[in-house]
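In: the sequence and its predicted three-dimensional model are supplied below.
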Amino acid sequence: MKDTPISYNVVKAKIEESGLPIIGRGTIRDIVRLVNKIESATGEKYVRMEMGIPGLNTPQIGINAEIESIKRGVTSKYPMLEGIPEFSNEAARFVKLFMNIDVKPACCIPTTGTLQGSYASFITIDNMYEDRDTTLFIDPGFPVHKQQITVARQKMESFDVYNYRGNKLRDKLESYFKNGNIHSVLYSNPNNPTWICFTEKELQIIGELANKYNVIVLEDLAYFGMDFRKDFSKPGKPPYQPTVANYTENYILLISTSKIFSYPGQRVGILILSNKLLYLKAPALKRYYSSDVFGYVLLYGTLYAISAGASHSPQYGIAAILKAINNGDYNFRDDVIEYGKKAKIMKRLFIENGFEIVYDKDEEDDIADGFFFTISYPGFSGVELLEELLYYGISAISLIITRSELNHGLRACVSLVKRSQFTVLEYRLKKFHEHHPIDRTEKYNST
Ligand SMILES: Cc1ncc(COP(=O)(O)O)c(C=O)c1O
């Protein structure tokens, strides 16, 4: 028994009590629950890197606008499906000013979180075809999207992009698209869990192939503007947030407010349809809806069926934040860049203690510092590493649950780690390193 920073016996007992056959394969919520129990049994605080929730406060502008709208009485009225004009107008301005993409306000739809946006998109796209039935995921990815496909009893295929960066992405994507069954493709950019960011060349490849095979691209921008190697925060000035929308009109953009505006609790997201998709006619839609127009049935068929719109007051909150950003009165990057600063320090601490960054490059460039990073340790599989780190007061999730094919990796999330914990993180990592000397002849354990 080693003198681990957290009592070896307690951690072992709590792992056994958890009933999970292999703790390292646990979901995010499994790990959260287990670590909560260990923390209360030992009184020791963990360096918690398992859950991707924002660690920042909501901008006051949004809160004030919500309160004012409630005082005006919006709670007594049903919201319109297409959203309040202030929301759609400011969202369209935002897309123009920060992505340099032109969309009509009618293309900018409020959803209850972008998770509702992706779910509604999956359902509507699947209803649009008689001869296509599959979504392709460019992985690793966010497990909840797969859960949506599963509960909707739809089909999916996926591949890990690690070995298919740059030009290699073309053949790989085409090998799926040419089979004729794929109707949509989803990826997040920057990527949860790896923080890889697609290069312009890669986005161009995705867009060109989407045109060639008539596939709809669902671009998940949950971490909009958070590739901090560049400053995408100046309204109307380049550089702009990279997007596939520069290369195809077959797109749906999912702009989450949860991380960039620290607004997860109100469940409001922004779904942007291309001008083309808003009016696209697809006769097969008539099987399930009163109309054959994609934009119309997404709203008046699918979103109506799921929640009959998005709550009023959060729309006012986000409209006010967007307006302040669009007018140059508020710079969201100034707040969220803290994630990147913390990641830089934390990555250094891990690397100094024998860890390696798993997804480390965007083609030739080093990966950005941001909300997530990935780690491995020689001699350990990801599943083993996750469990072993628990004895050292550090929690994360295994990359396996994100459909990564690199089974030696873990995802670390920086958001909940406080700067005041860096000293304790360094101490714990040193102990781990001391207890697990690296034999450079053995690489990773693949079990
Ligand atoms: C990649 C990705 N997509 C979507 C979401 C969900 O976003 P929302 O809160 O807007 O539903 C998250 C949240 O963690 C995410 O990481």
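Out: Yep, it's here.
In: contacting residues around the nearest residue to residue 48 once chain neighbours are set aside?
Out: Once flanking residues are discounted, residue 48 sits nearest to residue 416: 4.9 Å by CB to CB, 6 or more residues apart in numbering. In short, each C-beta sits where N, CA and C put it, glycine included. Applying CB atoms under 8 Å, 6 or more residues apart in numbering to residue 416 gives the contacts 48-49, 51, 53, 55.
In: just the closest of the residues you listed to residue 439, please.
Out: residue 49 (25.9 Å; CB to CB).
In: give me the number of residues near the closest one?
Out: Using other CB atoms under 10 Å as the criterion, residue 49 is surrounded by 25 other residues.
In: how close does it get to residue 350?
Out: Per CB to CB, to the nearest Å, residue 49 is found 10 Å from residue 350.
In: cool, residue 178 as well?
Out: Here the criterion is CB to CB. By it, residue 178 lies 41 Å from residue 350.
In: for these two, indicate the residue with more neighbours.
Out: Neighbour count, other CB under 10 Å: between residue 178 and residue 350, residue 350 has more, with 22 against 11.
In: picking that back up, can you lay out the contacts of residue 416 as a markdown table showing secondary structure?
Out: As requested, those are arranged in a markdown table below (DSSP: H, G, I helix; E, B strand; the rest coil):
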| residue | secondary structure |
| --- | --- |
| 48 | strand |
| 49 | coil |
| 51 | coil |
| 53 | coil |
| 55 | coil |
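In: which among those residues count as buried?
Out: Taking 16 or more other CB atoms under 10 Å as the criterion, what is buried in the contacts of residue 416 is 48-49, 51.
In: nearest to the ligand, of these?
Out: residue 51 (9.0 Å; CB to the nearest ligand atom).
In: my read is that residue 253 contacts residue 94, right?
Out: No - with contact defined as CB atoms under 8 Å, residue 253 does not reach residue 94; the gap is 10.8 Å.
In: who's more crowded, these two?
Out: residue 253 (27 against 22).
In: now do the domain split for the chain, please.
Out: What automatic domain parsing lists as the domains of the chain is 8-56+333-435, 78-326.
In: can you give me how far the helix ranked longest in the chain is from the chain middle?
Out: Criterion DSSP state H: the longest helix present in the chain is helix 332-352. Helix 332-352 sits 17 Å away from the centroid of its parent chain (CA atoms, centre = their mean, to the nearest Å).
In: so what strands line up beside the helix or strand following it?
Out: Counting by DSSP states H and E, the next helix or strand C-terminal to helix 332-352 is strand 356-357. Counting by DSSP bridges, the strands paired with strand 356-357 are strand 372-376 (antiparallel).
In: if we can go back for a sec, right, and the domains of the chain - which one's nearest the ligand?
Out: Taking the domains of the chain one by one with CB to the nearest ligand atom, domain 78-326 is closest: 2.9 Å.
In: tell me the mean pLDDT for the closest one?
Out: For domain 78-326, the mean per-residue pLDDT is 97.
In: that one vs the ligand: in contact?
Out: Yes - for domain 78-326 and the ligand, the contact criterion (CB under 6 Å from any ligand atom) is met by 113-115, 142, 188, 192, 220, 222, 256, 258, 264, 269.
In: just the ones of these in helices?
Out: Counting by DSSP H, the part of these found in helices is 113-115.
In: closest one of these to residue 205?
Out: Nearest to residue 205, judged by CB to CB, of those is residue 114 at 23.9 Å.
In: name the nearest residue to that closest one, ignoring sequence neighbours.
Out: Nearest to residue 114 is residue 269, by CB to CB, 6+ apart, at 3.5 Å.
In: can you tell me how far the one you found is from residue 77?
Out: Residue 269 sits 21 Å away from residue 77, going by CB to CB.
In: what residues are up against residue 101?
Out: Per CB under 8 Å, 6+ apart, neighbours of residue 101: 95, 243, 245-246.
In: recalculate using a threshold of 6 Å.
Out: Contact analysis of residue 101 by CB atoms under 6 Å, 6 or more residues apart in numbering lists 95, 245.
In: let me know the secondary structure of it.
Out: coil.
In: quick check: phi and psi on it?
Out: phi -120, psi 140 (degrees, to the nearest 10).
In: work out for me the element the closest residue to residue 330 other than its chain neighbours sits within.
Out: Spatial nearest neighbour of residue 330, chain neighbours left out: residue 324 (3.9 Å); criterion: CB to CB, 6+ apart. Using DSSP H and E, residue 324 falls within helix 312-326.
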